[in-house]
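In: dropping the sequence and predicted coords here.
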Amino acid sequence: MQNEMASDNGAGDKLIPGTSNDHQLPRDVYGNQPLQRGKHPASRALEKEIKRELSAIDNDSGGNRHKDKDESELTENRTNESVVKLVQVLKYSQSDWNKMKQELELSFQAQLLAKEREWSLKLADRDARILTVEEGSKKLKQTNDDMRAVVAEFERTIAQLQSEKEKTNNATQQSLQDVLKERDQALEDLQSVETAFSDLHRRYEKTKSVMEGFKQNEEVLKKCVQELQTKLKKMEQKMQQLKIQAEEKLDRATEEIDKVQKINASDIARLEAALKKADLQIQSLENSLDQKIKENKELAAICDELIAKVQ
């Protein structure tokens, strides 16, 4: 910052004429003589102070004029360096210092606002991505629950079909037992009516028709049993396929949920690290601003002190 001050003063109009910095004054259009300007009150006071110091040095060294010439030159060089430093400090007025201080504060505030907006956008983007991941996780969980419900429904259907099969088998067995009983009864009747041909013939025809009906019923029942067995096998195969598909979808859904959770955890960790880094940068900028304000206050105090001495 001191280099920038020096460069601004080199191009400005606040150089003090009549001092050791006369070679920095702007020249005329031919570059021969420095342009004369009115002296600043601080410059005149500084010249008086320098003259007093030089007079005091001359008085102190009045009885020692024959000392070593190198020591005198060293003292003069140190005095000139002090004069140059004081002159460089007095190149800026109080309004310049206030303007520079205001510009630094505005610049830092602009940088701070830009950083805050940037990280606000990043945090909003992170929250949106987290919300999207959570919604996807909920959808996958709902799909998983639906598949479990479908599997449970198929299991209930299989249990119902098995129960119906058992009932059908029991009914078939009972029908066969009834048929056997009727057949035995018919044989007994046939044997009991051997003495009466007509009655035997009638009973025989009746028994024959009954047997034919029983046989037809038996064939129908056998076909029904075969059809039910075929349907049961198909249903079992279909149930097995659906069960395998449901298990595969359940495994894929579980893997997808694990993957999404890992990605979500990684993104959250990365964003938290970036947020910590931004906080450290903001803290560093605040410390830098405090240091600049402190330096400006010190420089302003030095200027006020020099102006007070001039007055």
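Out: Nice, I can see it. Residues are numbered from 1 along each chain as shown.
In: what packs against the helix or strand harbouring Leu299?
Out: In this structure, Leu299 is located in helix 197-310 according to DSSP states H and E. With contacts taken as 3 or more C-beta pairs under 8 Å, 6 or more residues apart in numbering; DSSP states H and E, helix 197-310 sits against helix 41-60, helix 69-89, helix 94-192. Heads up, the C-betas are built off the backbone N, CA and C, glycines and all.
In: can you list the domains in the protein?
Out: Recorded structural domains for the chain (assignment: automatic domain parsing) are 2-61+68-91, 113-299.
In: those domains: lowest mean pLDDT?
Out: Note on the domains of the chain: domain 2-61+68-91 shows the lowest mean pLDDT, a mean of 48.
In: do you know how far Lys238 is from Lys231?
Out: Per C-beta to C-beta, to the nearest Å, Lys238 is found 10 Å from Lys231.
In: next one: Ala253
Out: 32 Å.
In: which of these two has more neighbours?
Out: Ala253 (16 against 12; other C-beta atoms under 10 Å).
In: tell me how many other residues crowd Asp189.
Out: 15.
In: same question, Gln94
Out: As a burial measure, Gln94 scores 11 neighbours (other C-beta under 10 Å).
In: mind listing what it touches?
Out: Ala300, Cys303, Asp304, Ile307 (C-beta atoms under 8 Å, 6 or more residues apart in numbering).
In: now these: which count as buried?
Out: Buried residues within these, defined by neighbour count using 16 or more other C-beta atoms under 10 Å: Cys303.
In: reformat the contacts of Gln94 as a markdown table; add pLDDT.
Out: Below are the contacts of Gln94 laid out as a markdown table (pLDDT from 0 to 100):
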| residue | pLDDT |
| --- | --- |
| Ala300 | 85 |
| Cys303 | 85 |
| Asp304 | 83 |
| Ile307 | 81 |
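In: out of the helices and strands packed on helix 197-310, nearest to Lys262?
Out: helix 94-192 (10.7 Å; C-beta to C-beta).
In: tell me the pLDDT of the residue nearest to Ser288 when sequence neighbours are not counted.
Out: Once flanking residues are discounted, Ser288 sits nearest to Phe108: 7.7 Å by C-beta to C-beta, 6 or more residues apart in numbering. With respect to pLDDT, Phe108 scores 80.
In: re the thing from before, the helices and strands packed on helix 197-310 into JSON lines, with extra columns for distance to Gln291?
Out: Shown next, in JSON lines, are those (distance: least, C-beta to C-beta, whole Å):
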{"stretch": "helix 41-60", "distance to Gln291": "27"}
{"stretch": "helix 69-89", "distance to Gln291": "19"}
{"stretch": "helix 94-192", "distance to Gln291": "11"}
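In: out of these, which comes closest to Leu285?
Out: helix 94-192 (6.4 Å).
In: tilt between that closest one and helix 197-310?
Out: Helix 94-192 runs at 170 degrees relative to helix 197-310, counting by axes from the mean of the first three to the mean of the last three C-alpha atoms, to 10 degrees.
In: number of nearby residues for Glu155?
Out: Count around Glu155 with other C-beta under 10 Å applied: 12.
In: so the residue nearest to Ser288 sits against Asn287, correct?
Out: No. Contact criterion C-beta atoms under 8 Å: Phe108 and Asn287 do not qualify, at 11.2 Å.
In: circling back to that earlier point, which among the helices and strands packed on helix 197-310 is found nearest to Arg202?
Out: Per C-beta to C-beta, nearest to Arg202 of the helices and strands packed on helix 197-310: helix 94-192, 10.3 Å.
In: nice, that's everything, thank you.
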